[in-house]
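>>> Fold the stuff below for me.
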Amino acid sequence: MKKITVGFLLSYDYEKLKNSIPPVYKEADAIYIALDHEQRTWSGQKFEIAPEFFNWLETFDVDKKITLYRDNFYVPEISAIENDNRERHMLSLKMGVGNWLIQVDSDEYFLDFKRFVTDLRKYDHFLDNPEKNKIQVAAFLINMFKYTDDGMLYVNVPTRGIMATNWPNYRVARNTRQRIIYTDSVLWHESLARSEKEIEFKLRNWGHNDEVNVDAFMDKWKSVNKNNYQSMRGFFYIQPEKWNELDFVSGNTIDEITKNFDGGKLVPSDFYIWKKNFGQWFKFLFK
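Reported below is the predicted structural model:
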């Protein structure tokens, strides 16, 4: 017990796992990948997986850390977000309560997973009796919005990303609505930096699909570019003002973009993180 276990969900964007698994592989004790046994999304739509992907997975897994967990993750009588919660819960039970239960989405790439693990280990005592000491551990996501010919547009304010928990009673995706401990770890979130076809499929099949005006959002996404982004506002797909402004970084690959990116200016200060953690401690002190 008290292992660093990492879970992934294998779905229509499975190719992105080739970017999200490698950053965590070395520091993880075990990795679990959940796949619906009939290859269905949370909305029930079927998807195909190229056999080459499983060949890549087997070749990459030199230390035999990866377990492919197939199960029935789609229940037609419940909503997409309820199927989302259910799959994450089942995956975490497979990973083993008593370990750190880290779930990384396929389009999320840790910049320094070792740093995140070092922070987690400071809180190993929460694993001794997790049901009575429920916590979540958060990092910060830099949301990638759109690739251009020679770079990428990204949202210039990071968002909280809940990445780990000791007790997987998920309420909304990875959020268990328990006390949050903030860290200064950062991930790229390739959320909308993909093809037009991929974005439409994602927005119509993810857990919040009934909250999005897909056509209106796609009109804005298609129109923005590196020449006009500074004059446009409101880029989030549910409440546009949540992602109000974009910025630009040059590069033709994730590695080049990361090299050219000044992440320090976006990561909240030590005082901000301390303040958030103190507030969370006090909020849950008597709960």
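>>> show me what contacts Ile199?
Residues in contact with Ile199 (CB atoms under 8 Å, 6 or more residues apart in numbering) are Leu192, Met218, Trp221. (C-beta placed from N, C-alpha, C; glycine too.)
>>> Name the helix or strand for the second one, please.
Okay, so that is Met218. helix 214-223 (DSSP states H and E).
>>> Skipping adjacent residues, who's closest to Asn166 in space?
Using CB to CB, 6 or more residues apart in numbering and skipping residues adjacent in sequence, the residue nearest Asn166 is Pro130, 4.0 Å away.
>>> do you know how far the one you found is from Asp124?
11 Å (CB to CB, to the nearest Å).
>>> more neighbours, those two?
Set Pro130 next to Asp124 and count neighbours by other CB atoms under 10 Å: Pro130 wins out with 17 against 11.
>>> was I right about that one contacting Trp100?
No - using CB atoms under 8 Å, Pro130 makes no contact with Trp100, being 10.1 Å away.
>>> anything in contact with each of those two?
With CB under 8 Å, 6+ apart, Pro130 and Trp100 have common neighbours Asn166.
>>> Now for the protein: which helix has the highest residue count?
Counting by DSSP state H, the longest helix found in the chain is helix 80-95.
>>> Need phi/psi at Phe236.
Here is the backbone geometry of Phe236 (degrees, to the nearest 10): phi -80, psi 150.
>>> correction: Ile78
Torsion angles, degrees, to the nearest 10, at Ile78: phi -120, psi 170.
>>> show me the contacts for it.
Ile78 touches Arg86, counting by CB under 8 Å, 6+ apart.
>>> Check the gap between it and Lys3 for me.
In terms of CB to CB, Ile78 sits 31 Å off from Lys3.
>>> circling back to that earlier point, quick check: which helices or strands does the longest helix of the chain pack against?
Packing partners of helix 80-95 (3 or more CB pairs under 8 Å, 6 or more residues apart in numbering; DSSP states H and E): strand 4-9, strand 30-36, strand 66-71, strand 100-103.
>>> burial count for Asp105?
23.
>>> dump the residue contacts of the residue nearest to Phe235 when sequence neighbours are not counted.
With sequence-adjacent residues excluded and distances taken as CB to CB, 6+ apart, Phe235 is closest to Trp243, at 4.3 Å. The contact partners of Trp243, by CB under 8 Å, 6+ apart, come to Asn143, Phe145, Val155, Val157, Gly234, Phe235, Phe236.
>>> Hmm, the third one is touching Leu246, no?
Yes - the pair formed by Val155 and Leu246 meets the contact definition of CB under 8 Å, at 6.2 Å.
>>> Those two: which is more packed in?
Using other CB under 10 Å, the more surrounded residue of Val155 and Leu246 is Val155, with 23 against 20.
>>> For that one, give me its contacts.
Ile142, Asn143, Phe145, Phe235, Trp243, Glu245, Leu246, Asp247.
>>> count of residues packed around the nearest residue to Phe113 once chain neighbours are set aside?
Spatial nearest neighbour of Phe113, chain neighbours left out: Val24 (4.7 Å); criterion: CB to CB, 6+ apart. Around Val24 there are 22 other residues, counting by other CB under 10 Å.
>>> so how far is the strand or helix carrying Val24 from its chain's centroid?
Element membership of Val24, judged by DSSP H and E, is helix 22-25. Computed by CA atoms, centre = their mean, to the nearest Å, the chain-centroid distance of helix 22-25 equals 14 Å.
>>> From the contact counts, what lies against it?
Against helix 22-25 (3+ CB pairs under 8 Å, 6+ apart) you get strand 108-110.
>>> what ranges do the strands span in the stretch 101-250 of the chain?
Here the stretch 101-250 of the chain has its strands, by DSSP state E, counting those that start in this stretch, at 108-110, 135-148, 151-155, 159-165, 179-189, 246-250.
>>> mind listing what the residue nearest to the spatial centre of the chain touches?
For the chain, the residue nearest the mean C-alpha position is Asp105 (3.7 Å; CA atoms, centre = their mean). Shown in contact with Asp105 (CB under 8 Å, 6+ apart): Phe8, Leu9, Ser20, His189.
>>> Highest neighbour count among these?
Phe8 (25 neighbours).
>>> about what we covered before: got a pLDDT number for the residue nearest to the centre of the chain?
Looking at Asp105, its pLDDT is 97.
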